[in-house]
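Q: Build me a model from this:
(3 chains)
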Amino acid sequence: MLSLAGQLIIEGLGIGLVYVLLAAGLVLILNIPRVFFIAYGQFYMLGAYILWGGTVLFKLPFFISLILSILATGILGAISYRLIFYYIQNVRDNFLPIIVAAMGLMMIMQQGALLVFGTSSHGMQSEFPGLIEFGDIIVSVEKLVLIILALLVTGILYVLLQKTKIGRAMRAVSFRADISSLQGINPTLVYMVTMGVGCALSGFAGGIMAPVYAVSPDMGGIILTVLLVIMLGGMGSMLGAVLGGLILGLTLSFGHYFIGADLAQIALFLVIGIILFFKPGGLLGNPGEDLSS
Amino acid sequence: MTSPYKRIIGLTVLTFILAMVPLIVKSPYYMHLLIMVGMNAMLAMTFILMLRAGLISLGIAAFWGIGAYVSALLALRLDLSFWMAMPLSAIITGAVALCIGCVLVKNPGFGFIIETVVLGEIAVLAFAHLPLFGGYKGIVSIPPVDPIHIPFLFSIEFVSKTASYYLILFLFLLVAIGYSAFYSAWTGRAWLAIGLNPRLAESKGVNIYRYRLLAFVVGSAGAGLAGSFYAHYYGAIAPTTFNVFKTIYIHIFAILGGVGFPVLGPIIGAFIMILVPEVLRVAKEIEPIITGLLLILLVLFLPQGLLSLLSRRKKNARPVG
Amino acid sequence: MKTKKQLIVCVSIFLFVALSFMGAQNSVNAAQEAKTLKVGALTNLGWTIGVDFKKFLDVAVPMYNEKGGLVIQGERYNIEIILYDTKLNPETGRAAVERLVNRDQVKFILGDETIDAWLPVTETAKVLVIATTPSPAIFSPKNKLAFQSSFIHTQSAVAWGWFSDSYPDLKTVIVVGPDNMIGHGLSGQAKFLTGAFGIKLLDTIFYPPGTTNFGPIATKIRKVNPDVFTTAGGGEVQDALLYKSLYETRYKGQRFTFVNLPMQGIQKVIPLKMIEGLVCPVEGLKLDNPPPLAKAYKEAYVAKHGSWDDPDTLYSNELYCLLAGLEQAQSLDPEKVAAVIANGMKFETLSGPGMMVKPPVPGNNRTVDFLPTVYVRKVEDGKSKFIRKINLEEGMAYTRRAAGGGK
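A: The predicted model follows:
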């Protein structure tokens, strides 16, 4: 029984940490430039495809491809902010236009990926083959690598936000953009960097999961799950994103085993609905935080 | 704000123009597209209605689906005619919305958006898993709209596309007039106040919760009406039609035309978003890219919707004339 | 700023108008060519199998036309395909069919999975439909002109029947499929067929479409430990990931699929050693020594698309069924063609000979389903090998047994 629980925890941790990375990036984007970025899932897909292209097509080492996918998605995210959302950000009632623009970007990226990479999905021969056994628990090495990398990047992100100058600037801008600009912070630059960091996190998540869970053009649909994670954890809270991601990953893992995957999904929705009803801001969020108003 | 008087004139002119369309458009294919425009415009109107009360709902498609399923089941299981099933399904959808809305509307804002997303997903899963709704296969062979027999004179058959077009036009106007009545009455002023500044409105004694719930229920009933038409017009429904992506499209219809224009905006938005991809069928692979690019350009240059182009010119013209 | 905005709007409108004229122009040109038979085709170009269908049509139709085309009572017709994308969305599919029927005026349509949303349109317009769909609505006796030409119903019956005869010791099975129409359709078939052939179905597990983490499900299968494990229509990624997770739990049971498993697609995701021992039916095209039509098709495909990338041909029978129907009826009247097809027509496909049969579901007397020659492959030593050919007579016997509940 203990080994079963251990097995399920490991399975849930792998996918849960992917959710954590994705949610953390989207929380940044939602809170600092305040963009409701539906196209976020497509960056995840792009990151995965770049890693696949790098390792399989161009035979680059795994880590170099991973860095490439981080850089490419980060730069693309920053550019997309400067080219599109920068202009809508100061418009009154911009919440809905931003959704439409993000939807347009999503359609372009989705179809672009279909045209460039084709409709078929790809997997790759494992970079880290082999299985490790701890008693009855069997874990593949690649899943362990995924977990370690994800934990590492979550740590780096924490340091970036709390200890560095740009991190402090980000937080300052998220409080009051106009006042922080009086302090010599360039809000546009900070927004671009934030979009870049957010999208790079998405690309990184896509990159590390690609060898484990394969690459397909419809991966972008993960955005719905990520939104759920953010709601569960709380809109404005980084810690909430971490908590939400882990809870979702573990709940789904145990739910899939014990009550079946289809029922688990419905149960999860209901539980999240109930939590949101009693704590409208999410587990660690502040109910006053509101993007749409 | 336009006066009710002006609004009635505008609606009459619009009705006249729309009623003339079948005289020009003959191809059943284009008639089908126009029917789809009408139905989607109804849904987009619903979105604008809820938006006025400060509710951004991503669950409209779920209520559209409830209307469709209820109507189909009423027609198939209880042998009701379309003319009975349609109003009943709107009422039942409204009742369901009342039950759900009681809980959801309490916390509007970002939480509400996500809760409606969740609601949309649950609705699709429920349609797909409850045996009553026929699983993922959905419900097929739903009877078409029953003909109206006027004794000794004639009967109207809803076989041709033109007849269906007039039916959807009728339903569209029904919903448009219904919503406009709400806008003109005290409810509209309350919604306006809530939409502009909920806290101020509350301090002035407006019961925000009740007015929002009203908007939610009325809008859902309108969506249910559209769903009933959809079920009988298509003759078959499947759960995945009613997912969240459909609602996002409904948003685009509304925002493209301009949310400041509760009747004309949805028509224009739905017209463009349905016709452009159809016309671009020639350009199969790059069609979504062109559509996406058009969306971004429109939002960049006309964030208040296409129709804001007209009104801005009017505003500029006013001081002169 | 204002003029710039207006410029952009004007340009967009111009683009819109220009493209619509382009569309009109195209169809006019096509109509001017004499002696062409227009055939509508629908598919989802967001899917590999949909794109493969497009590629198939690009190769097979010119091939047919060059070989002499369709000859009906001395008149020669070139086949012209009008292909529309349905995105697997009922609304888009319906719009596409309205366009095909009313604007392009086709009388024959090769349909796809959105068929439920538009079958009433084609039935009233007297348009012959040959479709590929897991939905059983197409079998309804109310439909006069709709046929199912893929093997998704019949081949399952043949595969389960053959499997139960060949592995009589394996008595318990778990089916895992996606939580969507295809998954539920196929696992419904599995439930019915395992009952008919005396295999015990222990559990049916559905996962949300797009799931990538199959660890928990695999752990569960390992725990229940059925004799046989089978997937039901997950597509290459999900199926491959499922097999990978299962391999990682060291589950030892027999892997079997009753639907075609795209080996090359699976191989892109996982090495074949992870599915050692798997038994599955395949199309004749995938054999080392394929039937004659398939051989010619393969050569033409390489000439057209450069290399053989193992395309899926699930939809290909639609075209061959229609062409055979037209040839054997010697008529362009959809009703006459339908009568010929419904009369148990035999025709040649990429998988060798096939014929129209009654579907293997109880209480259905319309001959609307298609039975192909079925080939079986097994993965041995990391390679997929051909082991058995099930010809039409044996296949008929299995489908009859299934329809009769195993007797």
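
Q: which residues does the closest residue to A:G123 other than its chain neighbours contact?
A: Closest residue to A:G123 apart from its sequence neighbours, by Cβ to Cβ, 6 or more residues apart in numbering or on different chains: C:V269 at 2.9 Å. The C-beta positions use only the backbone N, C-alpha and C, and glycine is treated the same way. Applying Cβ atoms under 8 Å, 6 or more residues apart in numbering or on different chains, we find C:V269 in contact with A:S121, A:H122, A:G123, A:A214, C:E236, C:V237, C:A240, C:L241, C:K244.

Q: Just give the nearest non-adjacent residue to C:L246, would you?
A: In this structure, C:L246 finds its nearest non-sequential neighbour in C:A218, 4.7 Å apart by Cβ to Cβ, 6+ apart.

Q: Hmm, C:R250 and that neighbour touching each other?
A: No. C:A218 is beyond contact range of C:R250, at 9.9 Å (criterion: Cβ atoms under 8 Å).

Q: So between the two, which is more surrounded?
A: Set side by side, C:A218 and C:R250 show more neighbours around C:A218, with 27 against 11, by other Cβ atoms under 10 Å in any protein chain shown.

Q: ok, which stretches of the chain are helices?
A: With no chain named, the answer covers chain A. Along chain A, counting by DSSP state H, helices occupy A:2-31, A:40-52, A:62-80, A:86-88, A:95-117, A:141-163, A:165-175, A:177-182, A:187-213, A:223-233, A:238-258, A:261-278.

Q: Actually, chain C is the one I wanted.
A: With helices called from DSSP H, chain C shows them at C:2-32, C:48-66, C:90-98, C:115-124, C:154-166, C:181-196, C:215-224, C:235-248, C:263-269, C:292-305, C:316-329, C:334-341, C:392-403.

Q: ok, is the third one in contact with chain B or not?
A: Yes. Using Cβ under 8 Å from any Cβ of the partner chain, a contact is recorded between helix C:90-98 and chain B, made by C:P90, C:E91, C:T92, C:R94, C:A95, C:A96, C:E98.

Q: Any chance of the residues you listed in a markdown table with distance to chain A as columns?
A: Output for the residues of helix C:90-98 next to chain B, formatted as a markdown table (distance: Cβ to the nearest Cβ, whole Å):
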| residue | distance to chain A |
| --- | --- |
| C:P90 | 18 |
| C:E91 | 16 |
| C:T92 | 14 |
| C:R94 | 21 |
| C:A95 | 18 |
| C:A96 | 18 |
| C:E98 | 23 |
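
Q: Out of the residues you listed, which is nearest to B:A193?
A: C:E91 (37.2 Å; Cβ to Cβ).

Q: Pull the number of nearby residues for that closest one.
A: Burial of C:E91, expressed as a neighbour count using other Cβ under 10 Å, amounts to 21.

Q: just for the chain, where's the confidence low?
A: If you meant another chain, say so; for now it's chain A. Under the criterion pLDDT under 70, the flagged ranges of chain A are A:286-293.

Q: My question was about chain C, not that one.
A: C:1-34, C:362-363, C:405-407.

Q: For it, which residue occupies the most central location?
A: Centre of chain C computed as the mean C-alpha position; nearest residue by Cα atoms, centre = their mean is C:L314, 3.3 Å away.

Q: That residue touches C:Q155, doesn't it?
A: No. Under the criterion of Cβ under 8 Å, C:L314 is not in contact with C:Q155, lying 10.5 Å apart.

Q: what residues do those two have in common as contacts?
A: Listed as contacting both C:L314 and C:Q155 by Cβ under 8 Å, 6+ apart are C:N260.

Q: how much space is there between the residue of the stretch 101-250 of chain A found nearest chain C and A:V145?
A: Relative to chain C, the nearest point of the stretch 101-250 of chain A is A:G123 (2.9 Å; Cβ to the nearest Cβ). A:G123 sits 16 Å away from A:V145, taking Cβ to Cβ, to the nearest Å as the criterion.

Q: ok, now A:G206?
A: Counting by Cβ to Cβ, the gap from A:G206 to A:V145 is 15 Å.

Q: Run through the residues that contact the residue nearest to C:L246.
A: Counted by Cβ under 8 Å, 6+ apart, C:A218 has contacts C:L242, C:S245, C:L246, C:E248, C:T249, C:Y251.

Q: Mind checking the helices of chain C for the one nearest to A:G260?
A: helix C:215-224 (8.9 Å).

Q: Just the buried residues of the closest one, please?
A: Within helix C:215-224, the residues scored as buried using 16 or more other Cβ atoms under 10 Å in any protein chain shown are C:G215, C:P216, C:I217, C:A218, C:T219, C:K220, C:I221, C:R222.

Q: How about stretch B:66-79?
A: Quick answer for stretch B:66-79 (16+ other Cβ under 10 Å): B:I66, B:G67, B:A68, B:Y69, B:V70, B:S71, B:A72, B:L73, B:L74, B:A75, B:L76.

Q: Am I right that C:R76 is in contact with C:L37?
A: No. In this structure C:R76 lies outside contact range of C:L37 using Cβ under 8 Å: 10.1 Å.

Q: more crowded one of these two?
A: Looking at C:R76 and C:L37 with other Cβ under 10 Å, you find the greater number of neighbours at C:L37, namely 19 against 11.

Q: close enough to count as contact, the more buried one and C:E75?
A: No. Counting by Cβ under 8 Å, C:L37 does not reach C:E75; the two are 10.0 Å apart.

Q: Quickly list what's touching both of those two.
A: Residues touching both C:L37 and C:E75 (Cβ under 8 Å, 6+ apart): none.

Q: and which of the buried residues of helix C:215-224 is nearest to chain B?
A: Distance to chain B across those (Cβ to the nearest Cβ) is lowest for C:I217, with 18.0 Å.

Q: which one of the helices of chain C lies closest to B:K6?
A: Here helix C:2-32 is closest among the helices of chain C (Cβ to Cβ), at 25.8 Å.

Q: contacting residues around B:R7?
A: B:R7 is in contact with B:S180, B:S184, counting by Cβ under 8 Å, 6+ apart.

Q: Could you check which helix or strand contains it?
A: Element membership of B:R7, judged by DSSP states H and E, is helix B:4-24.

Q: Could you give the average pLDDT over that helix?
A: On average, the pLDDT along helix B:4-24 is 85.

Q: Give me the more crowded residue out of A:G206 and A:V145.
A: A:G206 (33 against 17).

Q: The closest residue to that one other than its chain neighbours and A:M109, how far apart?
A: Distances taken as Cβ to Cβ, 6+ apart put A:G47 closest to A:G206, at 3.2 Å, once the chain neighbours are dropped. Distance of A:G47 to A:M109, given as Cβ to Cβ: 12 Å.

Q: Equivalent analysis for A:V18, please.
A: Distance, A:V18 to A:M109, using Cβ to Cβ: 19 Å.
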